[in-house]
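Undergrad: fold the following, please.
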Amino acid sequence: MTTEEKMQHFLDITMSNARKQAYDLIKSYYAATDKMYEEYKEVKKQEAGALIDAEKERLQKLINKEISSEQILIRKELSDRHDKLVCMLFNEVKELLVAYKKTPEYQKLLISQIREEADFAGKEEMIIYIDLDDADKKSELEKATGCNLTVSNYSFIGGTRAITDSRKILIDNSFETLLAEERDKFVFQGGH
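TA: Numbering: from 1, shown residues only. Modelled structure (predicted):
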């Protein structure tokens with residue numbers, strides 16, 4: 001083999017090795033870049049997932065806040081309507097009581113209340129008040145019950161009130177108090 005042939009043979013082998021090494025380097029580079037790319041994609045996917053989860057949580061909190069605000073407004077409106085209906089109902093009851101005061105049954109009720117209060121007091125001194133609006137019934141009630149009655153300085157819608165002097169007991173059978181007690185414990189039971 002001539003020197004030129006040897007040189008050519010050496011060049012061919014060297015070039016073949018160089019090509020093989022270059023191919024291996026490029027192959028390992030591509031493998032490394034593919035691996036880095038997959039890792040990058042995974043990191044970005046996780047970041048995007050975390051971002052989406054954070055945004056979902058933020059939106060859920062915002063929705064909950066809106067719902068809570070709306071519930072408060074609905075409760076307030078419901079409470080206002082409830083109060084308005086209760087007021088209307090008790091105004092109507094008050095009107096019915098005023099109408100009831102014009103009936104003979106009302107006078108019978110007053111006589112019954114006065115007698116019960118007098119029986120409660122026994123021999124003890126008691127002041128029995130009748131409503132200011134019932135001042136015209138005073139003499140009839142005194143005749144029917146045999147008790148001295150006092151006309152109140154203010155109206156309590158109807159009924160009677162009595163106070164014992166010694167024990168300081170108030171017997172309150174006034175429509176005003178009875179109506180207030182009913183109003184305090186009144187609860188709408190709802191519809192059908």
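Undergrad: which SS class is residue 147?
TA: The three-state assignment at residue 147 reads coil, by DSSP: H, G, I helix; E, B strand; the rest coil.
Undergrad: so who does it touch?
TA: Residue 147 makes contact with 114, 118, 128, 141 under the criterion C-beta atoms under 8 Å, 6 or more residues apart in numbering. Heads up, the C-betas are built off the backbone N, CA and C, glycines and all.
Undergrad: try 7 Å
TA: 114, 118, 128 (C-beta atoms under 7 Å, 6 or more residues apart in numbering).
Undergrad: what about the residue nearest to the first one when sequence neighbours are not counted, distance to residue 138?
TA: In this case it means residue 114. Spatial nearest neighbour of residue 114, excluding adjacent residues (C-beta to C-beta, 6 or more residues apart in numbering): residue 145 at 4.5 Å. Going from residue 145 to residue 138 by C-beta to C-beta, to the nearest Å gives 11 Å.
Undergrad: between the two, who's got more neighbours?
TA: Neighbours were counted for residue 145 and for residue 138 using other C-beta atoms under 10 Å; residue 145 has more, 18 against 14.
Undergrad: go ahead and confirm the more buried one touches residue 111.
TA: Yes. When contacts are counted by C-beta atoms under 7 Å, residue 145 is listed as touching residue 111 (5.8 Å).
Undergrad: mind listing the helices for the chain?
TA: 3-100, 104-121, 138-145, 175-185 (DSSP state H).
Undergrad: which other residues reach the third one?
TA: Translated: helix 138-145. So helix 138-145 is contacted by 110-111, 114-115, 118, 130, 148-149, 151 (C-beta under 7 Å, 6+ apart).
Undergrad: can you select the buried ones from these in ChimeraX?
TA: Typed into ChimeraX, the line below selects the buried ones among those, using 16 or more other C-beta atoms under 10 Å:
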select :110,111,114,130,149
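Undergrad: okay, which residue is most central for the chain?
TA: For the chain, residue 75 is the residue whose C-alpha lies nearest the centre (C-alpha atoms, centre = their mean; 5.4 Å).
Undergrad: now that residue: how far from residue 86?
TA: 16 Å.
Undergrad: what of residue 176?
TA: Distance from residue 176 to residue 86, by C-beta to C-beta: 16 Å.
Undergrad: quick one, domains of the chain?
TA: Annotated domains of the chain cover 1-100, 104-185 [automatic domain parsing].
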